[in-house]
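Trainee: just coords:
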């Protein structure tokens, strides 16, 4: 399965075929502050070339993981609904073939169609959401489908009690109250929340969505809506290691909101490194030291 749409090398020594399909989703339609996420997938791929395939945190090598990079998903520019339909159709195709999707965004709205596809394949799906923003508004700027409403729509699809929102530090009063009442909502913290929730997450197939603005802007300035006060890379790696040791298994993932126009280069490298670490969670029980 190949998509094309990029002239850059594939993500970090990706194989010709694999069980996890990395693909770019250059969606950039509802971003409300600084646009440019359509260029995120290529920036992440380019930055990945500087990384080693070995993870010192998990003491495993990506060469042990079955993954490939199939290029960017072609999307009709300016057409939100047709774009979302294309993303969902591609996700459904991936699951029908017994593979797992890992999207390189693109704006956060792309999570919704991929979760819909994952939920069809895994009805007991849980979603782990790591982000600066709650993204839980009912409506944003008159639209029900937006980067600012995506987690609300995901919760309506799979059940709010199955959505775990971590590290959130921004939202309006209504969405904050809604998230606190309905979601498994752990604002401001990541590593401590993972420690609390890892064993619970290990009991369900997990779709993980990571918004790069979960990290503090000092580590990830290249994003559309930076929010001071975020997590550190060290917290993230420690949290991933805890998920790995607990046996949490991903069946889908995305990393969204990298916007290279505002980057010094460090955001894309951090994103690529986060993708490397998350790839191991698709097979947490294999090669565990």
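Mentor: Nice, thanks for sending it over. Please read all numbers here as calculations on a predicted model, not as lab measurements.
Trainee: how close does the nearest residue to residue 27 once chain neighbours are set aside sit to residue 229?
Mentor: Taking Cβ to Cβ, 6 or more residues apart in numbering, and ignoring the residues beside it in sequence, residue 27 has residue 106 as its nearest neighbour in space, at 4.2 Å. All C-beta spots, glycine's among them, are computed from the backbone N, C-alpha and C. Residue 106 is 24 Å from residue 229, where distance means Cβ to Cβ, to the nearest Å.
Trainee: tell me the SS of residue 101?
Mentor: Reduced to three states with DSSP: H, G, I helix; E, B strand; the rest coil, the structure at residue 101 is strand.
Trainee: Quick check: which ranges of this structure have low pLDDT?
Mentor: Applying pLDDT under 70 to the chain flags the ranges 1-2, 4-8, 284-289.
Trainee: tell me the contacts of residue 190?
Mentor: Under the criterion of Cβ atoms under 8 Å, 6 or more residues apart in numbering, the contact list for residue 190 reads 130, 166, 167, 214, 231, 235, 236, 239.
Trainee: what about residue 106 and residue 229, which has more around it?
Mentor: More neighbours surround residue 106 than the other of residue 106 and residue 229, with 31 against 11 (other Cβ atoms under 10 Å).
Trainee: Do I have it right that the more buried one meets residue 23?
Mentor: No. Taking contacts as Cβ atoms under 8 Å, residue 106 lies outside contact range of residue 23: 10.0 Å.
Trainee: From residue 268, how far off is the nearest residue to residue 86 once chain neighbours are set aside?
Mentor: Closest residue to residue 86 in three dimensions, ignoring its sequence neighbours and counting by Cβ to Cβ, 6+ apart: residue 75, at 6.0 Å. With the distance defined as Cβ to Cβ, residue 75 ends up 21 Å from residue 268.
Trainee: what sits against the residue nearest to residue 86?
Mentor: So, once contact is read as Cβ under 8 Å, 6+ apart, residue 75 ends up touching 25, 26, 27, 83, 86, 87.
Trainee: Please name the residues that touch the fourth one.
Mentor: Residue 83 sits next to 27, 29, 75, 76 when contact means Cβ under 8 Å, 6+ apart.
Trainee: try residue 48
Mentor: So residue 48 contacts 11, 12, 272, 275, 276 (Cβ under 8 Å, 6+ apart).
Trainee: Spatially nearest residue to the second one (excluding sequence neighbours)?
Mentor: Right, residue 12. Spatially, and ignoring its direct neighbours in sequence, residue 12 is nearest to residue 48 (4.0 Å; Cβ to Cβ, 6+ apart).
Trainee: which phi and psi does that neighbour have?
Mentor: Note on residue 48: backbone dihedrals following degrees, to the nearest 10 are phi -60, psi -20.
Trainee: Kindly report the same for residue 25.
Mentor: Per degrees, to the nearest 10, the backbone of residue 25 is at phi -130, psi 90.
Trainee: so how many other residues sit close to it?
Mentor: Taking other Cβ under 10 Å as the neighbour definition, residue 25 ends up with a count of 30.
Trainee: before we move on, the earlier item: which of the contacts of residue 83 lies closest to residue 208?
Mentor: Set against residue 208, the nearest of these by Cβ to Cβ is residue 27 (18.0 Å).
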